[in-house]
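A.B. asks: A structural model of the following input is requested.
(4 chains)
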4 protein chains.
Amino acid sequence: MAANVAKRVLVVAGAGNGSGTGAATARLFAKNGYHVALIARGADSLNKVSEEINAAGGQAAPFPLKSYSHEDIATTWAAIHERFPKPEYEVRAAVWNAGHGVWKPFLDITPTDVQECLDTSVAAAFAFARHSILAFKENEIDPTNGKRGALIFTGATASIRGNVVTSAFSAAKHGARALSQSLAKEFGKQNIHVSHAIIDGGILTDRWRAMKASDPSSITDDNVRLRPESIAESYLYLVNQDNSSWTWELDLRPAHEKW
Amino acid sequence: MAANVAKRVLVVAGAGNGSGTGAATARLFAKNGYHVALIARGADSLNKVSEEINAAGGQAAPFPLKSYSHEDIATTWAAIHERFPKPEYEVRAAVWNAGHGVWKPFLDITPTDVQECLDTSVAAAFAFARHSILAFKENEIDPTNGKRGALIFTGATASIRGNVVTSAFSAAKHGARALSQSLAKEFGKQNIHVSHAIIDGGILTDRWRAMKASDPSSITDDNVRLRPESIAESYLYLVNQDNSSWTWELDLRPAHEKW
Amino acid sequence: MAANVAKRVLVVAGAGNGSGTGAATARLFAKNGYHVALIARGADSLNKVSEEINAAGGQAAPFPLKSYSHEDIATTWAAIHERFPKPEYEVRAAVWNAGHGVWKPFLDITPTDVQECLDTSVAAAFAFARHSILAFKENEIDPTNGKRGALIFTGATASIRGNVVTSAFSAAKHGARALSQSLAKEFGKQNIHVSHAIIDGGILTDRWRAMKASDPSSITDDNVRLRPESIAESYLYLVNQDNSSWTWELDLRPAHEKW
Amino acid sequence: MAANVAKRVLVVAGAGNGSGTGAATARLFAKNGYHVALIARGADSLNKVSEEINAAGGQAAPFPLKSYSHEDIATTWAAIHERFPKPEYEVRAAVWNAGHGVWKPFLDITPTDVQECLDTSVAAAFAFARHSILAFKENEIDPTNGKRGALIFTGATASIRGNVVTSAFSAAKHGARALSQSLAKEFGKQNIHVSHAIIDGGILTDRWRAMKASDPSSITDDNVRLRPESIAESYLYLVNQDNSSWTWELDLRPAHEKW
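C.D. replies: Coordinates of the predicted model:
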């Protein structure tokens, strides 16, 4: 069965409450013909995102999990493969967008804070990457882009810079970035494309809207924060890059960001 | 006159012999509705690229120059503005793809080698950037992507790493990269988008074909060298990124590149 | 009581089997008048290193721990403070040299591998750093170097680059490096100096000697691997740097290393 | 004649007005037994620094030059070799501390600004490095540190980051940094040690004193700017590092610097 006959599946982890990068990516890929498997911890909001995509004519399925432990991630991927079995379906893209953020002076950070950052942003990324790579290895090389699959990590400013209140967060984000680089080097040779996007600015999520309620221009002005839909466009671009010239890392920031 | 009514112009410096990144970018932008102003030192090949684009239904004009001195660059831009005057035309994109490469052990490098690298890859980049920025500042913000214009620098592995035979080349490429970062920070606030693409691998140019004549797979295999057309796609993507989430830097390499 | 009257204490974690960076640092600081508190998991070799330093006229004490859990690290630091109480003693330097290395293709890496890397090289580094910083904050500023204390992290090539068999190791080492940068930024203002040394090459340990038994020149030739004593010299230099010009990061490699 | 019998010579370019890094390095090396050859454009202040070192019991000689052209640099090195001939003397250390700074918005930068930055901070650095390397290659390996010679480049924040008013300055400083990395890789194998120091903060020079006259604490407080003597200490440390563990790059900043 040719690669271009099977239905393409995107797996997104960290679809959050539906207002962020994960959900925007799911929506955009759904519009572009992908079936989308949505992973997140909150079943309710996940179901909502899934239903919304289906109502808009897309094909989505929610896979809520209790935790980002490697066991739960394995169970979730098993369920995804059951719902989207080969050869009818093929997982061709995966986005690791989950994570745990802590912003505190170093001496206020608890062992639990550190553990949660490492568990969710690093150990879980290893587990998710493993299942993504294993799924991609089952695919033939897609003649349209020369790849078996594409895995994208959502990074942050903290992925490349430790700062005063980001010791735990940046340690974890640096770890995930290193993982993405190792994978890009190891699996490029197998035509599996691994990328890392450094999101260097605030993202217009529901949380941002709540936080910035008193400063309306920071909500309405595209120059000062990233639209999740725009990040999703860059993810689609990365997935579509062909094997002669693909990107491990790019940065994304609003036009007026100071950096 | 609204931004979306004027005809868009792309200015490309370093269109080379027609087989590389500059020419491929010109062709792709021409197919996407841009008028293209082609700059290079070799008038013959430049005319050929220009004619070929026009024959294919595009709109191109050649602007050969004698040298990449700041005077010649100024004269060239004056000619471009005369050929593509406002308000009928607007320069909306510019690609700095010129450069001078030297690969020699350090003690074999002459003062002239150093000077030519710095002149062509740094000083000329300053001059080209100046005219690009000045042109963009005349534009209204384009409502489709939130920017006045986009300037892209073609970088190389040597832009981020000095190596044994690249002392002169990498000094110059590091310089141009620093320029691109300074510009990105200064002019982002004015909705002018400046990017830098690290081309980390060999590009399938005529020169590559000649050099690799005895190793056919390095010519035919997309996994081992970059297609100029594929680099051009990434440049078009960068130009189209909107102001909420744009990229200063990305790397581009073939799938099987060792890095 | 003036800072220069109390006896200076160095705490080293990861004194290993006595042949590596941690033990060499302990010996060098002991020769320079520091009392040294040695932390490692293997009590036998730790006792040996400690006795050897004492036999040579130094002042050392072993603090073996069962694991690098934050509880065991807390218990160990309590024991150190009991053994070296203020105001007679002051912890003025700390070196985090522990870690867990895994070199495997990604798909061979187990969840346990990932966990051990993150536990030992990141979470434990957070705990050790916490106790170091808390100890330093009790000190007056030393008039000889303008600091309350100095904390050094031993890094590796993998701290700045993910590679084919280092996904787990480099994820952890990147995390510790990010921590060191966050700390340097947060606590520099309190005259606490945090540094990170990138060891970019093989270290002449017992393990190296065993591994390279068939290639004697890689053991005897200083140009091809790092001497632990030489790394220790750099750590002493970092601790002695004054507050007007101190270093967060330096790299260290043998003269003939390819990089 | 054994390496340790010849008198060691340090060549410093950019000894400025005597209040900065170059002069402080000359003084410190003179105290440590080096004969110092001082290079700068201003003969008067250069003579003063030289006399002052000699009055303090050191051995210095001034080599003023008209410009940092490669011809003038060649002439200067010929004069240095004449004054400090082999085998009585050996050039064992060289510091490139010259440069030209421009801090202006991009559109205010003139072609002359760009040219002066590139000439002084890059092209001249190539010429100076060439003569340093050629001199070192004449030396035997020094048994005390395993090297033929050490060349240090003074870098700046702008060496690693382009910023709003530093386009010309940072382009040049990036270039010199790339050169230093290429040299470190090429000549490490010949036991020639090349380093780059990123000075990330203001230096307490006469210029700083004048600029900060209204803010006395920024002059007196070691936490907020670098003492040239402290930078010089780091240069001496770099020169003394042995061949098993030497440094290409370190950063230096005051304790309270925000970064």
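
A.B. asks: dump the residue contacts of the residue in chain A sticking out farthest from the centre.
C.D. replies: In chain A, A:Leu107 marks the outermost C-alpha relative to the chain mean, sitting 30.4 Å out by Cα atoms, centre = their mean. Neighbouring residues of A:Leu107 by Cβ atoms under 8 Å, 6 or more residues apart in numbering or on different chains: C:Arg130, C:Ile133, C:Leu134. Just so you know, the C-beta spots here come from the backbone N, C-alpha and C atoms, and that holds for glycine as well.

A.B. asks: how far away is it from A:Ala168?
C.D. replies: Separation of A:Leu107 from A:Ala168 (Cβ to Cβ, to the nearest Å): 12 Å.

A.B. asks: now do A:Val12
C.D. replies: Taking Cβ to Cβ as the measure, A:Val12 falls 25 Å from A:Ala168.

A.B. asks: Repeat that for A:Asp215.
C.D. replies: Distance from A:Asp215 to A:Ala168, by Cβ to Cβ: 27 Å.

A.B. asks: Of the two, give the one with the bigger neighbour count.
C.D. replies: Just comparing A:Asp215 and A:Ala168: by other Cβ atoms under 10 Å in any protein chain shown the higher neighbour count belongs to A:Ala168, 31 against 11.

A.B. asks: Let me know the closest of the contacts of A:Leu107 to chain B.
C.D. replies: Sorting these by how near they are to chain B, with Cβ to the nearest Cβ, puts C:Ile133 at the top with 33.2 Å.

A.B. asks: buried residues in the helix or strand containing that closest one?
C.D. replies: Under the assignment given by DSSP states H and E, the secondary-structure element containing C:Ile133 is helix C:124-137. For helix C:124-137, a neighbour-count test (16 or more other Cβ atoms under 10 Å in any protein chain shown) marks C:Ala124, C:Ala125, C:Phe126, C:Ala127, C:Phe128, C:Ala129, C:Arg130, C:His131, C:Ser132, C:Ile133, C:Ala135, C:Phe136 as buried.

A.B. asks: what's the answer for stretch A:144-161, then?
C.D. replies: Across stretch A:144-161, burial judged by 16+ other Cβ under 10 Å covers A:145-161.

A.B. asks: just checking, which of these belong to strands?
C.D. replies: Of the positions in the buried residues of stretch A:144-161, A:Gly149, A:Ala150, A:Leu151, A:Ile152, A:Phe153, A:Thr154, A:Gly155, A:Ala156 sit in strands, assigned by DSSP state E.

A.B. asks: Export these to CSV and append columns for pLDDT.
C.D. replies: Formatted as CSV, these follow (pLDDT from 0 to 100):
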residue, pLDDT
A:Gly149, 98
A:Ala150, 98
A:Leu151, 98
A:Ile152, 98
A:Phe153, 98
A:Thr154, 98
A:Gly155, 98
A:Ala156, 97
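
A.B. asks: is chain C contacted by stretch A:112-125?
C.D. replies: Yes. On the criterion Cβ under 8 Å from any Cβ of the partner chain, stretch A:112-125 is in touch with chain C at A:Val114, A:Gln115, A:Leu118, A:Val122, A:Ala123.

A.B. asks: Could you tell me which of the residues you listed are located in helices?
C.D. replies: Judged by DSSP state H, the residues of stretch A:112-125 next to chain C include A:Val114, A:Gln115, A:Leu118 as members of helices.

A.B. asks: could you dump the residues you listed to a markdown table with neighbour count?
C.D. replies: Output for those, formatted as a markdown table (neighbours: other Cβ atoms under 10 Å in any protein chain shown):
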| residue | neighbour count |
| --- | --- |
| A:Val114 | 26 |
| A:Gln115 | 19 |
| A:Leu118 | 27 |
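
A.B. asks: from those, which is closest to chain B?
C.D. replies: The nearest member of those to chain B, counting by Cβ to the nearest Cβ, is A:Leu118 at 27.1 Å.

A.B. asks: Report the angle between the strand or helix carrying A:Ala37 and helix A:124-137.
C.D. replies: Following DSSP H and E, one finds A:Ala37 within strand A:35-40. Counting by axes from the mean of the first three to the mean of the last three Cα atoms, to 10 degrees, strand A:35-40 lies at 160 degrees to helix A:124-137.

A.B. asks: tell me which residues of stretch A:210-218 are tucked away?
C.D. replies: Buried residues in stretch A:210-218, defined by neighbour count with 16+ other Cβ under 10 Å: A:Lys212, A:Ser218.

A.B. asks: And stretch A:39-47, by the same measure?
C.D. replies: By neighbour count on 16+ other Cβ under 10 Å, the buried set for stretch A:39-47 is A:Ile39, A:Ala40, A:Arg41, A:Ser45, A:Leu46, A:Asn47.

A.B. asks: Show me where chain A has its strands.
C.D. replies: Taking DSSP E as the test, the strands found in chain A are A:7-13, A:35-40, A:59-64, A:89-96, A:149-156, A:192-199, A:249-252.

A.B. asks: Quick one: closest of the ones you listed to chain D.
C.D. replies: Evaluated with Cβ to the nearest Cβ, these place strand A:249-252 nearest to chain D, the distance being 13.7 Å.

A.B. asks: which strands and helices sit next to that closest one?
C.D. replies: Here strand A:249-252 is seen to pack against strand A:192-199, helix A:228-240, strand B:249-252 when contacts are counted using 3 or more Cβ pairs under 8 Å, 6 or more residues apart in numbering or on different chains; DSSP states H and E.
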